[in-house]
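Student: here you go, sequence then predicted model.
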Amino acid sequence: MGFIIQLSMRGGHGIHDRGTRRTCGGECSDDPLRYYERRGLLHPSGRSPAGYRIYNEESLKRLRLIRRAKEIGFTLEEIRGLLDLNIGSAAACTRVKEQAERKLSDVEDKMKALGSVKKVLKELIKACDRRRPTEECPILKTIEEENLESAKKGRR
């Protein structure tokens, strides 16, 4: 069940881990939230009388930052670094920019590697121009050869 943004009788807002009013956009489940808690990225502001965790508006903002940073490729450790920065200072903005530049470089490296994979797959598909028994399949033969070469080099 998703976490709940629930209006309390006292006028405050909080995310509760049980309830039925309004979910966190349908995008929050209790597993990631508890995981983020265990990793020290998210902290409940307290507990309800029934013992449920309560997350305040600041926690919701933090959760959104975590989710959005993950969507653009930041790891949880990188996100921890972003959360730990003092956002109010100019120096922190520079450090955030540096982290974003490193992430962009990582993404570009991955795109280059994926381009190589794409090229190999296109070549393999082109080589497989007719139906053959699987023992004659050029795709499987190439994959088997690559695995044998990797094993010989000590890589798996």
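Tutor: That came in fine, so what should we check first?

Student: number of residues surrounding Ala90?
Tutor: 6 (other C-beta atoms under 10 Å). Backbone N, C-alpha and C define where each C-beta goes, glycine included.

Student: against Gly51, how distant is it?
Tutor: Distance check for Ala90 against Gly51: by C-beta to C-beta, to the nearest Å, it reads 43 Å.

Student: break down this structure into its helices, ranges please.
Tutor: Counting by DSSP state H, the chain has helices at residues 30-38, 57-71, 76-84, 90-127, 138-152.

Student: starting at the chain centroid, how far to the third one?
Tutor: Taking the mean C-alpha point of helix 76-84 and that of its whole chain, the gap between them comes to 12 Å (C-alpha atoms, centre = their mean, to the nearest Å).

Student: convert it to CSV, retaining C-alpha atoms only.
Tutor: Extracted C-alpha coordinates of helix 76-84, given in CSV (Å, rounded to 0.1, in the frame of the first residue of the first chain):
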residue,chain,number,x,y,z
LEU,A,76,21.5,6.7,-3.8
GLU,A,77,25.0,7.5,-2.7
GLU,A,78,25.1,10.4,-5.1
ILE,A,79,21.7,11.5,-3.9
ARG,A,80,23.0,11.4,-0.3
GLY,A,81,25.7,13.8,-1.4
LEU,A,82,23.1,16.1,-2.9
LEU,A,83,21.0,16.0,0.2
ASP,A,84,23.9,16.7,2.5
